[in-house]
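Colleague: sharing a sequence plus its predicted fold:
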Number of protein chains: 2
Amino acid sequence: MLTYSMADIGSDKLYQYLYKQIRNDITSGVLTVGTKLPSKRAFAGHLSVSTITIENAYNQLMVEGYIYSKIKSGYFVADIKSNLVEKRSDVPENHETADHVSYEIDFTSNQVDPDNYPFNTWTRLLREVMNECKSELVTNSPSGGVWQLRKAIADHLLDFRGVRVKPEQVIVGAGTEYLYGILIQLLGHDLTYAVENPGYQKIVQIYKSNRVKCEPVGMDGQGIIIADVEKATANVVHISPGHHFPTGIITPVSRRYELLGWAAKQDDRYIIEDDFDSEFRLLGTPIPPLLGIDQSEKVIYMNTFSKTLASTIRISYMVLPPSLMARFQRNLGFYSCTVSNFEQYTLARFIECGYFEMHINRMRTYYRNLRNELIEKIKISKLADHVAIMEEDAGLHFLLKVTTTLPDFEIIERAGSMGLKISCLAQYYDDSVACRDDIEHIFLLNYSSINKNQISKAIAILGAVLEK
Amino acid sequence: MLTYSMADIGSDKLYQYLYKQIRNDITSGVLTVGTKLPSKRAFAGHLSVSTITIENAYNQLMVEGYIYSKIKSGYFVADIKSNLVEKRSDVPENHETADHVSYEIDFTSNQVDPDNYPFNTWTRLLREVMNECKSELVTNSPSGGVWQLRKAIADHLLDFRGVRVKPEQVIVGAGTEYLYGILIQLLGHDLTYAVENPGYQKIVQIYKSNRVKCEPVGMDGQGIIIADVEKATANVVHISPGHHFPTGIITPVSRRYELLGWAAKQDDRYIIEDDFDSEFRLLGTPIPPLLGIDQSEKVIYMNTFSKTLASTIRISYMVLPPSLMARFQRNLGFYSCTVSNFEQYTLARFIECGYFEMHINRMRTYYRNLRNELIEKIKISKLADHVAIMEEDAGLHFLLKVTTTLPDFEIIERAGSMGLKISCLAQYYDDSVACRDDIEHIFLLNYSSINKNQISKAIAILGAVLEK
């Protein structure tokens, strides 16, 4: 009769241990197909365990299909066909480490300095929410997010962007990247999406990864060129009229009306307005969104808390025009909201209580000072003779036009080898655009993740790179 | 000269107020295209404000394109073409309220009772994380999630599911619904995806919403029928072999090997194993995942913390076989992880410190008691003669086979009108399947969001519904 030593039982229950032993014997072929197992009573006596132990082990083996029973004749090993399958290869080495070279100073990162995250207030509000809203926290929110947050966002848009929308038009999601994917499902996979060239290359990647047609369209000094949008037979334009990345262009109101006019001509035309850093205009009043002058329900407004709070808190939102909102409810309302209730309620309170406004104001001052110090130090450095600064009043980056004979990639490589990461304007152009002189030697300095102590070193590295 | 009263200035700065007044006059047509604005000095004198106020207002209007300047001749109203655009329709009424009828007792909900969420432990760990990991919290995680969480999940899989995977194979995302979308992008839009029929209808909706071919394939007593998978020329099968929803079928090991054999035959064949409630097998040992016997890198394992923690905490994960992991890094590594670092680090600690295991054990006992009480009370009620209980040992639901002449939809409607929400088995079948006798009069009782005090009332309502 089958015999198993109970010596190595470890923390398993008796029946679990027995079940594993028998299972191993079946998968390894020690017990072959059709073999009759001992009767429960006899096996129990043989192993000095209770019948119920054997019964539990047999039941588990039956449930998983390793054995089967025939009425009045007992238990038999099933045919599990384990020989059909090839061996798995060894797990290769970690693929990610290579992508994560870390730089001492990074002018390409959207991260915030930990000192700038409002940890104390956030923790306190989160604790309040955990104490006061237990029931709400475990109640599924509608697909668009919890009402309190959508209401807080709608109020914020009215107070700070001058736009009146209903809370139900606000759709909350785990990052703009996620919402772009939802928009494709909402607007249609067969449409052509025009994106700005140069622009944020991730947007192109997302459209391509979702297998929709995406056309990079050129810009002039006023924003995306509408004649080229028409030429590309695009249905949807995806733009940042408030502050274009990376050139900093602000689309004037005349071009905005032209864009709205373009969209109004066909039912399936829409404008996705990505207002990703409107809060950080450092001079004058924030630029009002295109949404505010949209009379024909053509603008889908998007914004994110990644820039204003932290890139690691995955909360973004879009505002759908009423007609699309109805379509969203009908076609995509089955989706669960992708942001946890805990963070939705905490953020709602953070906005409602005025902390968000305070935080933005504090950060605007912080970034203005940081930028000023960076620019001033550049101006009194050896760099001064070789560079010109452009587009410094908005966003969290500016452009540095460099007088040099070195090719851009070499400057980036040299800086990288000295621990400084920067990018150049040409990198934000679609590959299909031929090399152009007017975009050469322009570098982006995104200073949001830099701290003041790094400024001198950063300038010294840039100076050394250009001197060589 | 233009005159604006400063009476209604409110909290605006002078220049902002002035900017808005002039902007309104331009958009409303009071100031027409080409109109010359007063010189800064004259205007300042006229309004008794400083020249700098006028300059700021003009600058903002220029930046936004409402006015333009000509050197040596002054400022002029730009052509903004506002007449091109139609009026926006009124925002329709809230579309969501209709979808959110609330029931007193809901046997279809996946929500947890707030008393069952480990608020105290969670809050404490979150506070610890906020104190100790400030820098990590604002540092962008790799696309697959923060290392600590992926490591904790890999360790959990080894300890509780007996499967050894590397942390980098674990991809964390904001809910399985989100991860399904990522999988489509990873495996391909041109493949055919087979899903279980009956099954969880949301999966079908997600495939359809992403415009990929999705074929519902029939089940026998052992799970999905492989011959029908072949007939459907599917490349990917999306199944729950550990505990099928809603029938409760456990796929035996023989069928599992057949499935692996099917997948091994072609390079583009994969099995998505949705192990969504393996933690809540209430009798015997949890069913080991298909992943554990996959030797040929064909199984993509998925699980979620929605069932074990709360449906409103949006954290799920998948385990990619090494070959797909490399493809993920290459093609989709540009995506930001959709779960906030705050919750990723908190959950990692929750698992590492053993709280997750304790919580699951506690919940398993809780659900077992709840189920027992519900079943016992059914057995001693008037219902007893009309119903049979099936598949009660796993998941958080069981099936109730009812002897009745009433059509299923009428039972659901009657119960609904009395505040009780239930669903019937037929609702989980693809529409294309003809009405079958053997699935009639079978109802699902998902008891995860019910509390003990509701049991008697629930039984009374069901009794009343069936008596009518």
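Modeller: Yes, it's here.
Colleague: from here on, just use CA atoms for contacts and neighbour counts.
Modeller: Noted.
Colleague: give me the low-pLDDT residue ranges for the stretch 151-300 of chain A?
Modeller: Along the stretch 151-300 of chain A, no part satisfies pLDDT under 70.
Colleague: just the strands in it please.
Modeller: For the stretch 151-300 of chain A, the strands defined by DSSP state E, counting those that start in this stretch occupy A:170-173, A:192-197, A:213-220, A:223-224, A:236-239, A:270-274, A:299-304.
Colleague: the fifth one near chain B anywhere?
Modeller: No - remark: strand A:236-239 sits outside contact range of chain B, by CA under 8 Å from any CA of the partner chain, the gap being at least 15.7 Å.
Colleague: about what we covered before: nearest to B:Pro114 among the strands of the stretch 151-300 of chain A would be which one?
Modeller: B:Pro114 lies closest to strand A:170-173 among these, at 23.3 Å (CA to CA).
Colleague: which residues sit against that closest one?
Modeller: A:143-145, A:150, A:153-154, A:179, A:314-320, A:337-339 (CA atoms under 8 Å, 6 or more residues apart in numbering or on different chains).
Colleague: just the element for A:Leu444, please.
Modeller: Per DSSP states H and E, A:Leu444 falls inside strand A:442-446.
Colleague: strand partners (parallel or antiparallel) of that strand?
Modeller: strand A:397-402 (antiparallel), strand A:423-424 (antiparallel) (DSSP bridges).
Colleague: state the distance from A:Thr121 to A:Tyr317.
Modeller: Distance, A:Thr121 to A:Tyr317, by CA to CA, to the nearest Å: 22 Å.
Colleague: compare these two (neighbour count), which wins?
Modeller: Neighbour tally, A:Thr121 and A:Tyr317, criterion other CA atoms under 10 Å in any protein chain shown: the higher count belongs to A:Tyr317, 24 against 12.
Colleague: from the stretch 351-468 of chain A, which residue is nearest to chain B?
Modeller: A:Ser449 (10.0 Å; CA to the nearest CA).
Colleague: how about the nearest residue to A:Ile105, chain neighbours excluded?
Modeller: A:Leu420 (4.9 Å; CA to CA, 6 or more residues apart in numbering or on different chains).
Colleague: report pLDDT for the one you found.
Modeller: With respect to pLDDT, A:Leu420 has a value of 95.
Colleague: and for A:Arg436?
Modeller: 69.
Colleague: then the one 10 residues further on?
Modeller: You'll see A:Asn446 listed with a pLDDT of 92.
Colleague: does it have beta-bridge partners, and which?
Modeller: Bridge pairing for A:Asn446 - DSSP bridges - gives A:His397.
Colleague: domains of chain A?
Modeller: A:14-83, A:105-110+A:360-467, A:117-358 (automatic domain parsing).
Colleague: for the ones you listed, which one ends up most surrounded?
Modeller: The highest average neighbour count among those, using mean count of other CA atoms under 10 Å in any protein chain shown, belongs to domain A:117-358 at a mean of 20.
Colleague: list the residues that contact A:Ser135.
Modeller: B:Asp113, B:Pro114.
Colleague: the same query, at a cut-off of 7 Å, please.
Modeller: Neighbouring residues of A:Ser135 by CA atoms under 7 Å, 6 or more residues apart in numbering or on different chains: B:Pro114.
Colleague: what does the stretch 151-300 of chain A put close to chain B?
Modeller: Residues of the stretch 151-300 of chain A found near chain B (CA under 7 Å from any CA of the partner chain) are A:168, A:174-175, A:185, A:209-210, A:252-254, A:257, A:260-261, A:284-285, A:287, A:295-297.
Colleague: make it 6 Å
Modeller: Residues of the stretch 151-300 of chain A found near chain B (CA under 6 Å from any CA of the partner chain) are A:Ala174, A:Pro252, A:Val253, A:Ser254, A:Tyr257, A:Gly261, A:Gln295, A:Ser296.
Colleague: so of those, which ones are in helices?
Modeller: A:Val253, A:Ser254, A:Tyr257, A:Gly261 (DSSP state H).
Colleague: leaving out the residues flanking it, which one is nearest to the second one?
Modeller: Same thing as A:Ser254. B:Ile80 (4.0 Å).
Colleague: now do the SS call for that neighbour.
Modeller: Here B:Ile80 is recorded as coil under DSSP: H, G, I helix; E, B strand; the rest coil.
Colleague: do I have it right that it meets A:Pro252?
Modeller: No - shown here, B:Ile80 and A:Pro252 do not form a contact pair, counting by CA atoms under 6 Å, at 8.7 Å.
Colleague: tell me the pLDDT of A:Asp431.
Modeller: 69.
Colleague: tell me which helix or strand the residue nearest to A:Phe356 when sequence neighbours are not counted sits in.
Modeller: Nearest residue to A:Phe356, sequence neighbours excluded (CA to CA, 6+ apart): A:Phe350, at 5.8 Å. Element membership for A:Phe350 (DSSP H and E) is helix A:341-352.
Colleague: after that helix, which helix or strand is next?
Modeller: helix A:355-379.
Colleague: that next one versus helix A:341-352: what angle between them?
Modeller: 80 degrees (axes from the mean of the first three to the mean of the last three CA atoms, to 10 degrees).
Colleague: the helix or strand that helix A:355-379 is followed by packs against which elements?
Modeller: Downstream of helix A:355-379, the first helix or strand assigned by DSSP H and E is strand A:387-390. Judged by 3 or more CA pairs under 6 Å, 6 or more residues apart in numbering or on different chains; DSSP states H and E, strand A:387-390 is in contact with strand A:397-402.
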